[in-house]
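A.B. asks: give me a model of this one.
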Amino acid sequence: MDPTRTGPIALAESRMRWLDARQRVLAQNIANADTPGYRPSDMRPFAETLAAAQPGLRLTHARHLAPSHDPRARQERRTVERSMDGNGVALDREALRVADTETAHALAVGLHRRYLGLFRTALGRNT
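C.D. replies: Sure, this is the predicted structure:
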């Protein structure tokens with residue numbers, strides 16, 4: 001069993017791949033800020049992507065309580081403001097999303113490095 005393919009290391013790698021894809025989508029939005037009729041897009045939240053890859057909660061015993069609603073089903077609906085030419089890109093909103101993505105990426109990279117460092121220490125390879 002490869003310990004880097006399970007647990008926190010795999011989760012951090014999955015998060016970094018998602019953040020990389022999100023950064024590309026946000027860059028595309030910013031690049032089309034002056035394109036008439038362009039509608040900005042964004043990735044599904046990482047929690048939804050992760051939940052889709054893993055099985056949900058199940059009842060394993062008749063006396064267990066069933067959830068009244070799915071906690072992952074939170075969906076935010078906003079109307080996008082459009083300019084006169086039909087473009088829906090707001091540069092300030094996109095800049096905030098880019099900054100959030102960069103911060104999350106730095107956190108994921110830091111966690112990945114720390115966990116790999118723990119494995120190196122356990123193996124006696126502290127270099």
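
A.B. asks: residue ranges with poor pLDDT in the protein?
C.D. replies: Applying pLDDT under 70 to the chain flags the ranges 1-6, 54-59, 62-80, 127.

A.B. asks: all helices for it, in order.
C.D. replies: With DSSP state H as the definition, the chain shows helices at residue ranges 7-31, 46-53, 91-123.

A.B. asks: I'd like those laid out as a markdown table, including mean neighbour count and distance to Gly37.
C.D. replies: Where you see a C-beta, it was placed from the backbone N, CA and C, and this is true even at glycine. Below are the helices of the chain laid out as a markdown table (neighbours: other C-beta atoms under 10 Å; distance: least, C-beta to C-beta, whole Å):
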| stretch | mean neighbour count | distance to Gly37 |
| --- | --- | --- |
| helix 7-31 | 16 | 14 |
| helix 46-53 | 13 | 28 |
| helix 91-123 | 13 | 17 |
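
A.B. asks: would TSV of those with distance to Asp85 be doable?
C.D. replies: Output for those, formatted as TSV (distance: least, C-beta to C-beta, whole Å):
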stretch	distance to Asp85
helix 7-31	15
helix 46-53	32
helix 91-123	15
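
A.B. asks: for those, which one sits closest to Pro40?
C.D. replies: Pro40 sits nearest to helix 7-31 of all the helices of the chain, at 4.2 Å, using C-beta to C-beta.

A.B. asks: name the helices or strands packed onto the closest one?
C.D. replies: In terms of contacts (3 or more C-beta pairs under 8 Å, 6 or more residues apart in numbering; DSSP states H and E), helix 7-31 is packed against helix 46-53, helix 91-123.
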